[in-house]
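[1] return atomic coordinates for the entry below.
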Amino acid sequence: MSKRQPSKELRDRIEGWRKDAAGLNYEEAMQALDLLLAELQNDSVPLAELQQRVLHGEVYLSRCQSLLDSVEQSIVELDPKSLEATNNA
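    Take a look at the predicted model:
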């Protein structure tokens, strides 16, 4: 079974969310994700908007992961021996 492709309108909206999220630092992206999760958890989101809210949350989550990966990479580049020793401790 193949996954249905999102409409052009939804793809454009997702791209806009990505552009907005790209300007956020980790804390801001995490706060935005927390707000979306709170809305989803208290059932205040109409069913018709549920998929879009989940996708929006995935954009924020992706931004957070990207920032964490970047920090991790910079740590490895700074001193890979100390990181290796930390992981083996």
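
[2] which residue is nearest the centroid of this structure?
    In the chain, the centroid-proximal residue (CA atoms, centre = their mean) is residue 61; its distance is 1.7 Å.

[3] chain neighbours aside, what residue packs nearest to that one?
    Spatial nearest neighbour of residue 61, chain neighbours left out: residue 33 (5.9 Å); criterion: CB to CB, 6 or more residues apart in numbering. In short, each C-beta sits where N, CA and C put it, glycine included.

[4] and the helix or strand that neighbour falls within, average pLDDT?
    Under the criterion of DSSP states H and E, residue 33 resides in helix 26-41. For helix 26-41, mean pLDDT rounds to 94.

[5] show me which positions of whichever helix or strand comes after it end up buried.
    Downstream of helix 26-41, the first helix or strand assigned by DSSP H and E is helix 47-78. Neighbour counts over helix 47-78 (16 or more other CB atoms under 10 Å) mark 53, 56, 57, 59, 60, 61, 63, 64, 67 as buried.

[6] doesn't residue 33 make contact with the third one?
    Same thing as residue 57. Yes. Look at residue 57 against residue 33 with CB atoms under 8 Å: they come within range, at 5.7 Å.

[7] name the residues that touch the helix holding residue 33?
    Helix 26-41 has contacts (CB atoms under 8 Å, 6 or more residues apart in numbering) with 21, 24, 45, 50, 53-54, 56-57, 60-61, 63-64, 67-68.

[8] and residue 10, how far is that from residue 74?
    Note on residue 10: its distance to residue 74, by CB to CB, to the nearest Å, is 34 Å.

[9] again with residue 29
    Per CB to CB, residue 29 is found 18 Å from residue 74.

[10] SS state for residue 4?
    For residue 4, the assignment made with DSSP: H, G, I helix; E, B strand; the rest coil gives coil.
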